[in-house]
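S.K.: this is the structure alone, sequence omitted:
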């Protein structure tokens, strides 16, 4: 009898461990996304004036830090190296990375139209500074299919890929450090290759028509192709204004999150925060918060929409 009383619980041990593992994997995880982060020019001047390299993020830093993973598009280099290639060369003091740390950024995209502005030396220095601060970066072109950056939250493996519609043109084509271009089949191939390695796959796309409030047909086709290939979420930037959120197949698309921190208030000071709460791979809540920058380039909350439960399982189409 005594031997039987010990053996019986042991028979159930694998089942108990499996159930415990599933419960842990299903713990809610919140992913937070913002759009363009340009920390040079007038934004840098404001940080210097306040002697605070985290100054632009102060009003919303606590909210960004509260997420399990926080992502943004770093649309400048943070470097002292390099030479300008264009009249609009976005470069910030390397100390501006401290602001990303304060705001809790875990990963940034460097696949956009301005990280090649100062040449490969400046881009490499930027990557070094990010690495020193334990901020992951995604969007490099290493010549093969882009591998995802995978970050773990508990048992959940969240993968990130990033691509840009423009990668520096002919001047950057042979740089030693290059960013990933959307063109060709590289996007679909990367998504398909990454899918088995992650539980939730995010694709960052830098494309669209500037200052348009709705996505173009080209944006829609590319973003939907990413979802069809296996991505769970597409987040976009480049138009400098927020655009619609869409359910497509089993995934979601935020076509543009606009400018979170930038310095052209004469044309736009609008951005958005996208928060996706997951239970395992399944989104249980999506929150879309519109933001507006004040005269000191600090974003503040304007309004908020949210969708939960059955609202996320409806037919394909725009949520807003």
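M.R.: It's in. In this text, all values refer to a predicted model and were calculated from it rather than measured experimentally. Numbers count the residues shown, from 1 in each chain.
S.K.: use CA for all of it now, contacts and neighbours both
M.R.: Will do.
S.K.: please report how far residue 279 lies from residue 154.
M.R.: Taking Cα to Cα, to the nearest Å as the criterion, residue 279 is separated from residue 154 by 12 Å.
S.K.: quick one, which of these two is more surrounded?
M.R.: residue 279 (17 against 13; other Cα atoms under 10 Å).
S.K.: can you read off the pLDDT for the more buried one?
M.R.: With respect to pLDDT, residue 279 scores 94.
S.K.: I figured it hits residue 27, correct?
M.R.: Yes - at 5.8 Å, residue 279 and residue 27 qualify as touching, with contact defined as Cα atoms under 8 Å.
S.K.: which strands and helices lie in contact with the longest strand that the chain contains?
M.R.: In the chain, with assignment by DSSP state E, the single longest strand is strand 282-293. Secondary-structure packing of strand 282-293 (3 or more Cα pairs under 8 Å, 6 or more residues apart in numbering; DSSP states H and E): strand 259-261, strand 270-279, strand 299-308.
S.K.: just the helices in this protein please.
M.R.: 2-25, 41-49, 61-66, 97-102, 119-132, 169-172, 186-194, 217-229 (DSSP state H).
S.K.: check which helices and strands the fifth one sits against.
M.R.: This means helix 119-132. Under the contact criterion of 3+ Cα pairs under 8 Å, 6+ apart, helix 119-132 touches strand 77-78, strand 136-138.
S.K.: the same query, at a cut-off of 7 Å, please.
M.R.: With contacts defined as 3 or more Cα pairs under 7 Å, 6 or more residues apart in numbering; DSSP states H and E, helix 119-132 has these neighbours: strand 77-78.
S.K.: in its sheet, what does the strand it packs on sit against?
M.R.: In the sheet, strand 77-78 lines up against strand 91-92 (parallel) (DSSP bridges).
S.K.: any idea how far residue 309 is from residue 279?
M.R.: The gap separating residue 309 from residue 279 is 11 Å, by Cα to Cα.
S.K.: and what of residue 194?
M.R.: Residue 194 sits 20 Å away from residue 279, going by Cα to Cα.
S.K.: and residue 84, how many neighbours?
M.R.: Residue 84 has 15 neighbouring residues, counting by other Cα under 10 Å.
S.K.: and residue 305, how many residues sit next to it?
M.R.: By the measure other Cα under 10 Å, the count of residues near residue 305 is 12.
S.K.: how about the contacts made by it?
M.R.: Contacts for residue 305 (Cα atoms under 7 Å, 6 or more residues apart in numbering) come out as 287, 288, 289.
S.K.: I'd like to know which of those residues is nearest to residue 259.
M.R.: For these, the minimum distance to residue 259 (Cα to Cα) is 12.7 Å, reached by residue 289.
S.K.: pull the number of nearby residues for the closest one.
M.R.: For residue 289, using other Cα under 10 Å, the count is 20.
S.K.: go on, residue 275?
M.R.: For residue 275, the neighbour count with other Cα under 10 Å is 21.
S.K.: looking at it, it is touching residue 289, isn't it?
M.R.: No - counting by Cα atoms under 7 Å, residue 275 does not reach residue 289; the two are 8.3 Å apart.
S.K.: buried residues in stretch 81-93?
M.R.: Within stretch 81-93, the residues that count as buried by 16 or more other Cα atoms under 10 Å are 81, 82, 89, 90, 91, 92, 93.
S.K.: list the residues that contact the fourth one.
M.R.: For residue 90, the residues meeting the contact criterion (Cα under 7 Å, 6+ apart) are 40, 76, 77, 114, 117.
S.K.: most neighbours, which of those residues?
M.R.: residue 77 (33 neighbours).
S.K.: okay but that one is in contact with residue 123, surely?
M.R.: Yes - using Cα under 7 Å, residue 77 makes contact with residue 123 at a distance of 6.0 Å.
S.K.: on that earlier part again, for the helices and strands packed on strand 282-293, which one sits closest to residue 200?
M.R.: strand 270-279 (9.2 Å).
S.K.: in terms of secondary structure, what does the closest one contact?
M.R.: In this structure, strand 270-279 packs against strand 29-37, strand 259-261, strand 282-293, with contacts taken as 3+ Cα pairs under 7 Å, 6+ apart.
S.K.: contacts for it?
M.R.: Residues from elsewhere that reach strand 270-279, judged by Cα under 7 Å, 6+ apart: 26-35, 241-242, 257-260, 283-293.
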